[in-house]
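Asks: coords please:
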Amino acid sequence: MGHGHSHHHSHSHKDVNGRNLLISIVLNIAITAAQVIGGIVSGSLALLSDALHNFSDVISLVISYIANKLVKQKASLERTFGYKRAEILAAFINASTLVIVAILLIFEAVKRFQNPQDIKSNLVIWLSIIAILGNGLSVLLLKKSADDNMNLKSAYLHLLTDMMASVAVLIGGLLMKYYQVYWVDSALTLAIALYLIVMGWDLLKNSTKVLMLFTPDDIPIDTIIKDVQTIESIKNVHHVHVWQLNEDEIHFEGHIDFTDDISLSEFDTILHQVEELLLHKYNINHINIQPEYGKHDNKEIIVQD
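Replies: Here you go, the predicted model:
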């Protein structure tokens, strides 16, 4: 069986990510504690809901931090892939918590609509400003890495949505202070919750696809097969599996039926051509090929194992 792979890792980049996550954890613990106390004292559901979201931020950041550390662990006989999927699993957990928190907030907002309460708006205003500053700093720390890492994107989204929620709470506090419009507290809570569901669902869907070994969205298997079959001596490509292991690795596994009974050295030359094609055109960097000649098996592209 032919096998090839090409990986590009940056341990220093992961160390920076870990440090930034740790700073964000400390900031969000402080924000959460302040908002819980402030929400209870002021009677603001929006502030308490923001505190609950901040608490979910803390949990998500801790999970992301642990995953960031685990992914550096080396493979072993018991764990042949090491902990390469730790960050994907963290993204799935964090996205799930976003959606769950949002549903809880919707229930609480509906209850508060039915039973509006007076709220101490000054406390709401000052605590929301503190939360905006703290979450804003955390967002800046993780923004650069969020584009190409699903784990950090999940943490980034938690922080970004919470910063936006804090802005909404600040606006609500100002409206309550100067216009005594107390129902806006519940309305903002509902808006925050709906936004969380939208953001969380997309990430939950993407991380689920990776965990379920679905073909990545940007990998056109039919086109890949046609390209590989243009290489001389290759008769048929079948029994194909393509999956994403983590943020850095896309795997291709398949059987290749050859037109002639070629030697191992000839196979190695062809394998190198396949690897170059899949890496440079489709960004597939881990390839497993089973060579065949005259074998009577199922020649369909996709075969259920």
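Asks: what residues are up against A90?
Replies: Residues near A90 by CB atoms under 8 Å, 6 or more residues apart in numbering: S60, I63, S64, I66, A67, N151, S154. Quick note: C-beta positions are derived from backbone N, CA and C, even for glycine.
Asks: and the closest residue to the third one other than its chain neighbours, helix, strand or coil?
Replies: In this structure, S64 finds its nearest non-sequential neighbour in A155, 4.3 Å apart by CB to CB, 6 or more residues apart in numbering. Using DSSP: H, G, I helix; E, B strand; the rest coil as the criterion, the local structure at A155 reads helix.
Asks: which ones are touching A155?
Replies: Counted by CB under 8 Å, 6+ apart, A155 has contacts L21, S24, D57, S60, L61, S64, N94, L142, A146.
Asks: pretty sure I171 sits against L188.
Replies: Yes - I171 is within contact range of L188, at 7.4 Å (criterion: CB atoms under 8 Å).
Asks: so for those two, which residue has more residues nearby?
Replies: L188 (25 against 15; other CB atoms under 10 Å).
Asks: now that one: how far from G39?
Replies: 13 Å (CB to CB, to the nearest Å).
Asks: and the protein, what are its domains?
Replies: Structural domains of the chain, as assigned by automatic domain parsing, span the residue ranges 11-211, 221-292.
Asks: among those, which is the most enclosed?
Replies: Sort the domains of the chain by mean neighbour count, taking mean count of other CB atoms under 10 Å, and domain 11-211 sits at the top with a mean of 20.
Asks: A strand includes H238, no?
Replies: Yes - assigned with three-state DSSP, H238 falls within a strand.
Asks: so that it lines up with my notes, have the first residue be 28 from now on.
Replies: Noted, 28 is the first residue going forward, which turns the last one into H265.
Asks: any weak-confidence spans in the stretch 128-277 of the chain?
Replies: Within the stretch 128-277 of the chain, the stretches falling below the threshold (pLDDT under 70) are 143-146.
Asks: let me see the ranges of the helices in it.
Replies: 148-173, 177-206, 210-238, 248-255 (DSSP state H, counting those that start in this stretch).
Asks: which one of those lies nearest to G109?
Replies: G109 lies closest, by CB to CB, to one member of these: helix 177-206, at 15.0 Å.
Asks: which residues touch the nearest residue to L217 once chain neighbours are set aside?
Replies: Closest residue to L217 apart from its sequence neighbours, by CB to CB, 6+ apart: A136 at 4.3 Å. The contact partners of A136, taken as CB under 8 Å, 6+ apart, are L72, S76, S213, A214, T216, L217, A220.
Asks: switch the cut-off to 10 Å
Replies: 72-73, 76, 212-221 (CB atoms under 10 Å, 6 or more residues apart in numbering).
Asks: just the pLDDT for the nearest residue to E319 once chain neighbours are set aside.
Replies: Closest residue to E319 apart from its sequence neighbours, by CB to CB, 6+ apart: D284 at 4.9 Å. Model confidence at D284, given as pLDDT, is 96.
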